[in-house]
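>>> sequence first, predicted model second:
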Amino acid sequence: MAIVAFSVGRFPISVGDFLSVLWAGVTGGQHGLDPTVETVIYQIRGPRVAAALLIGAALAGAGAAYQNMFRNPLVSPDILGVSAGAAMGAVLGIFLSLNVIAIQSLAFAFGLVAVGLVYVTANAVRGHDPLLVLVLAGVVIGSLLGACVALMKYLADPYNQLPAITFWLLGSLASSAPQDVWSTLPLIFVGLVPLWLLRWRVNLLSLDDEEARALGVETGKVRITVIVAATLMTAAAVSISGIIGWIGLVIPHFARMLVGPDFSRLLPTSILLGAAFLLGVDTLARTVARIEIPLGVLTAFVGTPLFLWQLATARRGWQ
Amino acid sequence: MRRRTFLAAAAAATCLPSLGRSQTRRVVTDAMGRRVELPERVERIYVAGPPASILVFAVAPDKLIGWSSAWREAERPFIAKKYADLPALGRLTGRGNTANVEVVLRAKPDVIIDYGTVSPTIASLAERVQQQTGIPYLLLDGDFDKMADAATRIGTIAGVERHAQEWARYIRETLAFVSQRVATVPPERRPRVYYGRGPLGLTTGRAGSINVESIEQLGAINVAAVMGRGGLVQVSVEQVLLWNPDVVITIDPNFYAMARVHPLWRALPAVEAGRIYLAPNVPFGWIDFPPSINRLIGLRWLARVLYPQVFPEDLRPVVREFYTRCYHQAPTEAQLDELLRHTP
């Protein structure tokens, strides 16, 4: 699939050309093709394909972890405000006319800060169901950040800044550069490892706190680890791609229909499906028209019919 | 980039036939102080946005490889057909990318040019695209004062220096002509102007905004300047009533039609007295939209609108000359009538 993704695009490169450039890269030889072909593969399409795979995997993995932890199929990675925070950071960066790296760093930092704020707020409230308080705090702080974004959109210069903000909020991988991939890869990896190591305990999180404790799991510690890991992954992903909804919410359901609710199988399946889905959608986004189509729009257009079809034909229970 | 230079050097040293498209390169400094390496001969220019497309089209039309956006029907007839038929390749600026980087590469440009307000965001985006594609990416400042300089630079880049110098002279003469006449107007006779954009006419430019530069250039007072420096902002009708401008200028026909009958806008003495003027907007807006060298003819028009006694000349020949020079096709009498329909 990745080879196909490499071979389609507005600049014509055949599968054979792609493989010979790759071969030349491995052996250090010459491929005898136009140097532009090499530029397209290494500088433009390569980073973009890698970013699509990474971000799809991160969002779907984080979504699966959250859905298990919150025992709620309607939860997506942005439930604790990470996307709203990242949006706020990026919009602030665009509003202040900062450079691209500063905008991405602000998005990442604000995503983390937003979730931190939600967690601290939820912890300060005692005597209620801790998960419910966490979700409520996430929703409330998320909507506050949403209001801040709306305010900055209103104040932004409609000729220079507003389109940039709108495009960022719709999500796109159009400007993925190699450095974006190198900066997010370790962060997403750091988030994935604890999720994988804790896969059995995450299963137990879906039980009641009492039951889980009876089985010897400290739910509080596992929960915060999951939150930190999922937040890190999501914040890293959205800071370079902008907001891409849908994947973190729906891909885990696909995975559950395929392999059932066991997290140790659900996590890798979600990651693979998420990566494949975003790669497929992004390939469409850059090929169907001469101009770019925003990813946030296309994921919903492509994903909704797929999901409904899967829902209608699914045999396995996934709850 | 380094590899290509190395190959070129190796080829030159061993007298082999050339591998790259160009061996000798030159360095140009752009408006953000970025030093950009260019091939000696530039044949194909990709324009990053609408302002750059007009500038490059005016000065070096045969080097333009495509427009930033598709034509609307009303705009097309003003442009010589062989240029109007160039493809729409999308825009590549920090203001909402619609271009696909691969489309840009496929078009094989020698250089990418952006023209307009420059900022660190735009500079770093340019730097990224340049790194990714290996195509030099230049930023030019869109202010009136830099307009002649921008034309000269296009000339240097595209190798059409003589034609560019003619343009630069024309720009300087127009600016000097206007400012000399305006200098004779005493400060108390300078009108207070509101510039309304958008279908509701409630978007305006603050002090120093490239969108209202024509008003400032003519020594008139932009009422929105009290909101500080910056770009475009949204205001309310009440705010406009409070400012009570002497003249209202717009480029939006919908707003123009609405304001002249709407009771709220008619409450404004300027509108009631008929001092609301619609700037022509084909093929490009005369005040801004996009803010490029098309504003030069807008400056002459605005001068006549704001100071009818000081600028009594008929605009018709001026418009004819500018359109022929800028769009490479003389406008017909019917087109001139249409353009100047709302001009006093």
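Okay, I see it.
>>> point out the residues in the stretch 201-344 of chain B that sit beside chain A.
Neighbours of chain A within the stretch 201-344 of chain B, by C-beta under 8 Å from any C-beta of the partner chain: B:T203, B:N211, B:G230, B:G231, B:L232, B:V233, B:Q234. For every residue, glycine as well, the C-beta is placed using N, CA and C.
>>> which stretches in the stretch 151-300 of chain A count as strands?
Ranges of strands in the stretch 151-300 of chain A, per DSSP state E, counting those that start in this stretch: none exist.
>>> same thing with the stretch 201-344 of chain B?
With DSSP E, counting those that start in this stretch as the criterion, the stretch 201-344 of chain B has strands spanning B:203-205, B:221-222, B:232-234, B:247-250, B:276-278.
>>> would you turn the ones you listed into CSV with mean pLDDT?
Output for those, formatted as CSV (pLDDT from 0 to 100):
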stretch, mean pLDDT
strand B:203-205, 89
strand B:221-222, 96
strand B:232-234, 80
strand B:247-250, 96
strand B:276-278, 96
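>>> out of the ones you listed, flag the one nearest A:S175.
strand B:232-234 (24.2 Å; C-beta to C-beta).
>>> okay, buried residues for that closest one please.
For strand B:232-234, the neighbour count (16 or more other C-beta atoms under 10 Å in any protein chain shown) marks B:L232, B:V233 as buried.
>>> quick one, which of the strands of the stretch 201-344 of chain B gets closest to B:G66.
Per C-beta to C-beta, nearest to B:G66 of these: strand B:232-234, 27.1 Å.
>>> which helices and strands does that closest one pack with?
strand B:203-205 (3 or more C-beta pairs under 8 Å, 6 or more residues apart in numbering or on different chains; DSSP states H and E).
>>> which other residues reach the strand it packs on?
A:158, B:194-197, B:211-212, B:222, B:224, B:231-235, B:288 (C-beta atoms under 8 Å, 6 or more residues apart in numbering or on different chains).
>>> let's go with 6 Å and repeat that
B:Y195, B:R197, B:N211, B:V212, B:A224, B:L232, B:Q234, B:V235 (C-beta atoms under 6 Å, 6 or more residues apart in numbering or on different chains).
>>> quick check: next helix or strand after the lowest-mean-pLDDT helix or strand in chain B?
In chain B, no helix or strand scores lower on mean pLDDT, DSSP states H and E than helix B:2-13, which sits at a mean of 42. Of the helices and strands lying after helix B:2-13 in sequence (DSSP states H and E), the nearest is strand B:25-29.
>>> from the chain's centre, how far out does that next one sit?
24 Å (C-alpha atoms, centre = their mean, to the nearest Å).
>>> could you list the low-pLDDT ranges of the chain?
You didn't say which chain, so I picked chain A. For chain A, applying pLDDT under 70 flags the ranges A:158-160, A:290-291, A:314-319.
>>> that's the wrong chain, I meant chain B
In chain B, residues with pLDDT under 70: B:1-23, B:93-98.
>>> the same query, at a cut-off of 80, please.
B:1-24, B:93-100, B:234 (pLDDT under 80).
>>> now render the residues of the stretch 201-344 of chain B next to chain A as CSV, adding distance to A:G16.
Compiled in CSV, those are given as follows (distance: C-beta to C-beta, whole Å):
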residue, distance to A:G16
B:T203, 52
B:N211, 51
B:G230, 53
B:G231, 49
B:L232, 50
B:V233, 55
B:Q234, 54
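>>> of all those, which comes closest to A:A84?
B:Q234 (23.5 Å).
>>> bridging residues for the closest one?
Here B:Q234 sits in beta bridges with B:T203, going by DSSP bridges.
>>> distance of it relative to B:F289?
As for B:Q234, its distance to B:F289 is 16 Å (criterion: C-beta to C-beta, to the nearest Å).
>>> can you map out the helices along the stretch 1-150 of chain B?
In the stretch 1-150 of chain B, the helices defined using DSSP state H, counting those that start in this stretch lie at B:2-13, B:50-59, B:81-84, B:101-106, B:120-133, B:147-158.
>>> is any residue of the fourth one near chain A?
Yes: for helix B:101-106 and chain A, the contact criterion (C-beta under 6 Å from any C-beta of the partner chain) is met by B:V101, B:E102, B:V103, B:L105, B:R106.
>>> send the alpha carbons of that helix over as CSV?
The C-alpha coordinates for helix B:101-106 follow below in CSV (Å, rounded to 0.1, in the frame of the first residue of the first chain):
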residue,chain,number,x,y,z
VAL,B,101,3.7,20.8,-4.0
GLU,B,102,3.9,18.1,-6.6
VAL,B,103,1.9,20.1,-9.0
VAL,B,104,4.5,22.9,-8.5
LEU,B,105,7.4,20.5,-9.1
ARG,B,106,5.7,19.1,-12.2
